[in-house]
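Engineer: need the 3D shape of this:
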Amino acid sequence: MALLSLTDAHLAYGHVPLLDGAAFALEPGERVALIGRNGTGKSSLLKVMAGVERLDDGLLQQQGGLRRVYVPQEPQFPAGASVFDAVAEGVAQARALRERYEALASGDHTQAEDRLAAAPASSSGRDDAEGPDDLDTLQTRIEALDGWTWEQRVHEALQRLHLDPQARVDALSGGTRKRVALAQALVARPDVLLLDEPTNHLDIDAIEWLQDLLVQWRGTGAGSGSSGGLVLVSHDRAFIDAVATRIIELDRGVLRSYPGNFAAFEAAKARELENEALANARADKLLAQEEVWVRKGVEARRTRSVGRVARLQALRAQRSARRDQLGQVRLELDAGLPPGKIVAELKDVSMRFGERVVIDHFSATLLRGDKVGLIGPNGAGKTTLLKLILGELQPTSGTVRQGTRLQVAYFDQMRAGLDLEASLVDTISPGSEWVEFGGQRKHVMSYLTDFLFSPERANSPVRTLSGGERNRLLLARLFALPANVLVLDEPTNDLDIDTLDLLEELLQGYGGTVFLVSHDRRFLDNVVTSTIAWEGDPAYGGHPGLWREYEGGYEDWKRQRERARVLASSAQPARPVAPGAATGAAAVALPAVEPRLEAVAPAPSPSAPPRKLSYKEQRELEALPARIEALEAEQRTIDAELADGLLFARHPQRGAELSARHAQIEDELMHALERWEALAAR
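Structural biologist: Numbers count the residues shown, from 1 in each chain. Okay, the predicted model is just below:
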């Protein structure tokens, strides 16, 4: 028997129906992923299942005694609450019943009545306002809710989620607040757990921890005597693949079910859309033929069939009622002026804030066209490293050299750059009706339409947009700017899967440099060409502030990190080794992908010492810094001369010569830097 079910559900906001006769049933033990385009009503449907919102029409049924817990995208907590108090709200009903029991047992009936009045509404949707009046009934209810040990449950949840019970919720980051909300939900031991975008603001380690937790979670089944159920809204494809046993798509008001993982859904959906397009094309062709027939002359009208006219009217009604598939976002990027070959060069860079080491002796050379992913837990220093690369911060020690002619555009995960009271038009093109990018000029209304914003909404304030729509608006503003360096800080939050696919294709073909901070593992794998990862975890042989650069994406880095862990554990002489363990460790298959910069280098063999520099090579190494400095000085002089906008008009030959020399210097600099690195390594 289904835990809860929807039958002929209808829900609308304005003139657009979000649910149009939808049907759904959640069976015990199921983990259902609810997906769909931004604005289709996924969050509203989740609130309906949670009992937070009501249907306009239709039926929501649930098993008797079912406990539901809903975790929204942006959880809210009482001002000034501690983490312990916030998590304990998940057992508020059990706590209130136990306090009432203790008050009645002590004979204090006034206090018992106060406890009853203060008791919160049940999260299960039942009405507990009456409450039990005798100790036996109270004891039965407390035991059903496992209320005698609610403190122990809260402490266990805090420990599992690595939360400080004394911390103030107001001071926590978005990711930690989401963990508090999850702890609050889990201590309630619900039969049905409803999660809206649970991975937003979580780092990759936390997401992997959460997916393992949800796969093992079975619910209590207190109301049904069987396993509980899970419904989650997410756009994280790797997370869905790991957690979901079934996928439900909300598409044009209808719920469609797809058993299996996300790959199976994609194949089935592609076939469905193809069949739907063919059926619509046939219907449109038949309608066009009948419209031609009905408009023929007097001779044809004399023999007009009443049945044929009725069929025409039916075809018109079907075409009018059809809800076509939503359009696709059209993404284009203006790559701006071509920068130099080197975007940034970091040499032995360290960054400290007081006693805290954020970056410790990190070196890297980032080139034009690189697509670099930054991976690390929240608070590890990803934003600090980005600011060092772009010259917005100066390192505590070491040197950072930026390239020339950099045009940087930022995508901010917190949407701090959006004025909530400004209209969409003013956000994209303030003071102008036109948007210029990539050598073309487009009216702002047409440009907004490319990002699925209708002209009717163009003058609406930003605050009326959903989270996914605000992200889409940020992308629209970002792509209207000429930029050869894109800094994308969690661009995938709240974006639907179709837009994610298009954004991946756009970034893959983008000629500029991309710095991507993201928790979406599949997005990283599909976009980046190299990864800079925080590796300060001692379990993997790391230390505070350790960052390394690798070729490839997330999965490549994950395999190499495991290799580092194996090597670090095998390098501990004091650790007892079971017989045969050394052989097993040596037999571990190592990935073929090697780090871009040396990550875990074996000690050089004593029998093959590195070859020393010859006298000529030593002199060359000593001269290279001066050579590089001279080339950079010449390049700065050329840049200053090329900055004169009238140079090519007055002296076109001189301008061409300077441009050619500028490119030649880039090549010479690259050769000199590579030679310097090779000689210095020896």
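Engineer: count the neighbours of Arg521 for me.
Structural biologist: When counting by other Cβ atoms under 10 Å, one arrives at 22 neighbours for Arg521. No exception for glycine: its C-beta is placed from N, CA and C like everyone else's.
Engineer: one more: Thr499?
Structural biologist: Residues near Thr499, counting by other Cβ under 10 Å: 24.
Engineer: isn't it up against Asn38?
Structural biologist: Yes - using Cβ atoms under 8 Å, Thr499 makes contact with Asn38 at a distance of 7.4 Å.
Engineer: quick one, what contacts the residue lying closest to Asn38 once chain neighbours are set aside?
Structural biologist: Leaving aside its chain neighbours, Asn38 sits nearest to Gly468 (3.3 Å; criterion: Cβ to Cβ, 6 or more residues apart in numbering). Gly468 makes contacts with 38-39, 494-496, 499, as judged by Cβ atoms under 8 Å, 6 or more residues apart in numbering.
Engineer: can you pull out the helices in the stretch 251-400 of the chain?
Structural biologist: Along the stretch 251-400 of the chain, the segments classed as helices by DSSP state H, counting those that start in this stretch run 262-294, 298-302, 306-321, 382-389.
Engineer: the last one - what's its average pLDDT?
Structural biologist: Throughout helix 382-389, pLDDT has a mean value of 91.
Engineer: assign a three-state SS to Ala660, would you?
Structural biologist: Secondary structure assignment for Ala660 (DSSP: H, G, I helix; E, B strand; the rest coil): helix.
Engineer: and the gap between it and Ile638?
Structural biologist: Computed as Cβ to Cβ, to the nearest Å, the Ala660 to Ile638 distance reads 10 Å.
Engineer: neighbour count: those two, which is higher?
Structural biologist: Ranked by neighbour count (other Cβ under 10 Å), Ala660 and Ile638 place Ile638 first, with 17 against 10.
Engineer: what sits against that one?
Structural biologist: By Cβ under 8 Å, 6+ apart, the neighbours of Ile638 are 658, 661-662, 665.
Engineer: try Glu421
Structural biologist: Residues in contact with Glu421, defined by Cβ under 8 Å, 6+ apart, are 461-463.
Engineer: inside helices: which ones of these?
Structural biologist: Among the contacts of Glu421, none falls in helices (DSSP state H).
Engineer: got a winner among these for most neighbours?
Structural biologist: Within the contacts of Glu421, Val462 tops the neighbour count with 19 neighbours, counted by other Cβ under 10 Å.
Engineer: from Leu621, how far off is Ala680?
Structural biologist: To Leu621, Ala680 is 7 Å away according to Cβ to Cβ.
Engineer: more crowded one of those two?
Structural biologist: It is Leu621, of Ala680 and Leu621, that has more neighbours when counted by other Cβ under 10 Å, with 16 against 11.
Engineer: show the average pLDDT along the helix or strand that the more buried one is a member of.
Structural biologist: Leu621 is part of helix 615-642 when elements are defined by DSSP states H and E. Per-region confidence: helix 615-642 scores 82 on mean pLDDT.
Engineer: in it, which residues are buried?
Structural biologist: For helix 615-642, burial by neighbour count (16 or more other Cβ atoms under 10 Å) applies to 621, 624, 628, 631, 635, 638, 642.
Engineer: chain center to it: distance?
Structural biologist: Offset of helix 615-642 from its chain centre (Cα atoms, centre = their mean, to the nearest Å): 43 Å.
Engineer: likewise stretch 462-481?
Structural biologist: 15 Å.
Engineer: only the buried residues of that stretch, if you could.
Structural biologist: Buried, per 16+ other Cβ under 10 Å, within stretch 462-481: 462, 465, 467-481.
Engineer: same thing with stretch 44-59?
Structural biologist: Under 16+ other Cβ under 10 Å, the buried positions of stretch 44-59 are 44-51, 55, 58.
Engineer: what residues does it touch?
Structural biologist: With contacts defined as Cβ under 8 Å, 6+ apart, stretch 44-59 is touched by 4, 6-13, 18-19, 21-22, 26, 34, 60, 68-70, 125, 192, 194, 196, 231, 233, 250.
Engineer: just the buried ones from these?
Structural biologist: Once neighbours are counted (16+ other Cβ under 10 Å), the buried part of those comes down to 4, 6, 9, 11, 18-19, 22, 26, 34, 60, 68-70, 192, 194, 196, 231, 233, 250.
Engineer: mind listing which of those residues are in strands?
Structural biologist: Per DSSP state E, strands hold the following members of the buried ones among the contacts of stretch 44-59: 4, 6, 9, 11, 18-19, 22, 26, 34, 60, 68-70, 192, 194, 196, 231, 233, 250.
Engineer: for the stretch 401-550 of the chain, which spans come out with low pLDDT?
Structural biologist: 412-417, 438-439 (pLDDT under 70).
Engineer: tell me where it has strands.
Structural biologist: 408-411, 434-437, 440-443, 485-489, 513-517, 530-534, 547-551 (DSSP state E, counting those that start in this stretch).
Engineer: and the fifth one, which residues are buried?
Structural biologist: When neighbours are counted by 16+ other Cβ under 10 Å, the buried residues of strand 513-517 are found to be 513-517.
Engineer: relative to it, what are the paired strands and their orientations?
Structural biologist: strand 371-375 (parallel), strand 485-489 (parallel) (DSSP bridges).
Engineer: so which of these is the most packed in?
Structural biologist: Counting by mean count of other Cβ atoms under 10 Å, strand 371-375 has the highest mean neighbour count of these, with a mean of 24.
Engineer: let's see it as PDB, backbone CA atoms only.
Structural biologist: Extracted as PDB, the C-alpha positions of strand 371-375 are listed here (Å, rounded to 0.1, in the frame of the first residue of the first chain):
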ATOM      1  CA  LYS A 371      39.300  25.400 -17.800                       C
ATOM      2  CA  VAL A 372      40.200  25.000 -14.200                       C
ATOM      3  CA  GLY A 373      38.000  23.400 -11.500                       C
ATOM      4  CA  LEU A 374      38.600  24.300  -7.800                       C
ATOM      5  CA  ILE A 375      37.700  21.500  -5.300                       C
END
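Engineer: residues contacting that strand, please?
Structural biologist: With contacts defined as Cβ under 8 Å, 6+ apart, strand 371-375 is touched by 204, 366, 382, 385-386, 507, 510, 513-518, 524, 527-534, 553-554, 557.
Engineer: now it and strand 547-551, what's the angle there?
Structural biologist: 140 degrees (axes from the mean of the first three to the mean of the last three Cα atoms, to 10 degrees).
Engineer: for Phe515, give its distance to Asp134.
Structural biologist: Separation of Phe515 from Asp134 (Cβ to Cβ) stands at 65 Å.
Engineer: kindly report the same for Gly174.
Structural biologist: If you go by Cβ to Cβ, the gap between Gly174 and Asp134 works out to 46 Å.
Engineer: and those two? Which one has more around it.
Structural biologist: Gly174 (16 against 9).
Engineer: the more buried one contacts Asp203, doesn't it?
Structural biologist: No - with contact defined as Cβ under 8 Å, Gly174 does not reach Asp203; the gap is 10.7 Å.
Engineer: which residue packs closest to Val514, ignoring adjacent ones?
Structural biologist: In this structure, Val514 finds its nearest non-sequential neighbour in Lys371, 4.3 Å apart by Cβ to Cβ, 6+ apart.
Engineer: distance of that neighbour from Glu436?
Structural biologist: Distance of Lys371 to Glu436, given as Cβ to Cβ: 26 Å.
Engineer: next one: Glu27
Structural biologist: The spacing between Glu27 and Glu436, counted by Cβ to Cβ, is 54 Å.
Engineer: who's more crowded, these two?
Structural biologist: It is Glu27, of Glu27 and Glu436, that has more neighbours when counted by other Cβ under 10 Å, with 16 against 13.
Engineer: centre of the chain to stretch 454-468, how far?
Structural biologist: Distance, centroid of stretch 454-468 to centroid of chain: 22 Å (Cα atoms, centre = their mean).
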